[in-house]
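3D, please:
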Amino acid sequence: MNCINWNNRGAVTEANSQQWKGAFLDELQAKQGDPSANASRCPVSIFLERTPAEIVLTAEVENGNDQQHLFACVSRAGIPAETNSSRSLRLEKEILWQQSDRVLDAIFVRAENGGNDRLILLQKEALVVQEKQSGVWKVALSKPLGEAVVTRRAPRGELSFSLDQPNMVKISFGGKSCQAALNDASALNCQTDSEPARTGMLLASTCDSRVWWLRGDDGDSTMPDRFELVNSAAPQSQPPIAELPTPGPILSISSGEALRADTAVVFNLATGNYEIYRIALACGQ
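Here you go, the predicted structure:
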């Protein structure tokens, strides 16, 4: 076998892909009796694809009129080149909004099809939707939470947004899950739910097509915090490969841009304001 159809679908760097291809061909040729046989044909096609935890290799093998598919998975955490390439990543934050009233969670949604950027804020008693018009944030909707109002002394709440339902958002808090419309004043539709609290959020990189895990350092709520970027395959046990300090504790991390960027709420200990940041990955030191 002198040729092979090798398809690297952004799974690894091109240099590593070519090294893998060469090693694969060397291994095949060492095991066959006549390396020159069928030199004009490429009966094997290999596809490399990336998941948050693994590199998945799929082989399509032609055998006469039949075709066989073989699969193998390699943990990304065990690939040295993956770890080394991550050193060029850095976290960047952009402040979008700040206010003195408590904010439990927030999601920034980038405008599409000529619309306006939206900033969705979950407060103790209301869901507030702001739109950016002529460079200024203006309230487009303020929806009371009604019976779902957060009354606990140390309230927590989470927003979940999907681009498939751009005019809906899910609110999770206090053992409840509520669906809220973003384009009208209709009441929340709530039901009992027991989802665990989020500990971070996935964040995709345009530098190497990888997906990482963004978290806070889970420190003292009376001390400044920092964002940490870790391997998504083992976010609890891995040391951070990038960090970004904040002026206070991180209260929530959400996503409204399909993991291209995350939204975080930080309590600024110096000013007493709740600050909303857009967090994204950048390439290079």
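
please count neighbours and contacts with C-alpha atoms only from this point.
Fine.

domain map for the chain?
For the chain, automatic domain parsing gives the domain ranges 5-78, 86-283.

mean neighbour count added to these, as JSON lines?
JSON lines is the format used below for the domains of the chain (neighbours: other Cα atoms under 10 Å):
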{"stretch": "domain 5-78", "mean neighbour count": "14"}
{"stretch": "domain 86-283", "mean neighbour count": "18"}
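
ranking these by mean pLDDT, which is last?
Set side by side, the domains of the chain differ in mean pLDDT, and domain 5-78 is lowest with a mean of 78.

surely Ala204 and Val211 touch.
Yes: contact criterion Cα atoms under 8 Å: Ala204 and Val211 qualify, at 4.3 Å.

got the contact list for Trp212?
Contact analysis of Trp212 by Cα atoms under 8 Å, 6 or more residues apart in numbering lists 52, 202-205, 229-232.

which of the residues you listed sits closest to Ala261?
Relative to Ala261, the closest of these is Leu203; by Cα to Cα it sits at 6.3 Å.

gap between the lengthiest helix in the chain and the chain center?
For the chain, the longest helix by residue count, based on DSSP state H, is helix 14-31. Relative to its chain's centre, helix 14-31 lies at 32 Å (Cα atoms, centre = their mean, to the nearest Å).

export stretch 122-130 as CSV, just CAs?
The C-alpha coordinates for stretch 122-130 follow below in CSV (Å, rounded to 0.1, in the frame of the first residue of the first chain):
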residue,chain,number,x,y,z
LEU,A,122,-31.7,37.6,35.6
GLN,A,123,-32.4,39.7,38.7
LYS,A,124,-34.1,38.7,42.0
GLU,A,125,-37.5,39.8,40.9
ALA,A,126,-37.4,40.3,37.2
LEU,A,127,-36.0,39.1,33.9
VAL,A,128,-34.7,42.1,32.0
VAL,A,129,-33.9,42.1,28.2
GLN,A,130,-31.8,45.0,26.9
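
surely Ser254 touches Leu119?
No: look at Ser254 against Leu119 with Cα under 8 Å: they stay out of range, at 11.9 Å.

tell me who's in contact with Leu145.
So Leu145 contacts 125-127, 187-188 (Cα under 8 Å, 6+ apart).

could those residues be laid out in TSV, adding distance to Asn8?
Listed next are the contacts of Leu145 as TSV, based on distance: Cα to Cα, whole Å:
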residue	distance to Asn8
Glu125	50
Ala126	48
Leu127	44
Ala187	49
Leu188	46
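
follow-up on the earlier one: now do the shared contacts for Ser254 and Leu119.
106-107.

where do the helices sit along the protein?
Going by DSSP H, the chain shows helices at 14-31, 80-85.

got a list of what the closest residue to Ala111 other than its chain neighbours touches?
Using Cα to Cα, 6 or more residues apart in numbering and skipping the chain neighbours, the partner closest in space to Ala111 is Asp117 (4.4 Å). Residues counted as contacts of Asp117 (Cα under 8 Å, 6+ apart) are 108-111, 131-132.

cutoff 10 Å now
Counting by Cα atoms under 10 Å, 6 or more residues apart in numbering, Asp117 touches 108-111, 130-133, 135, 137.
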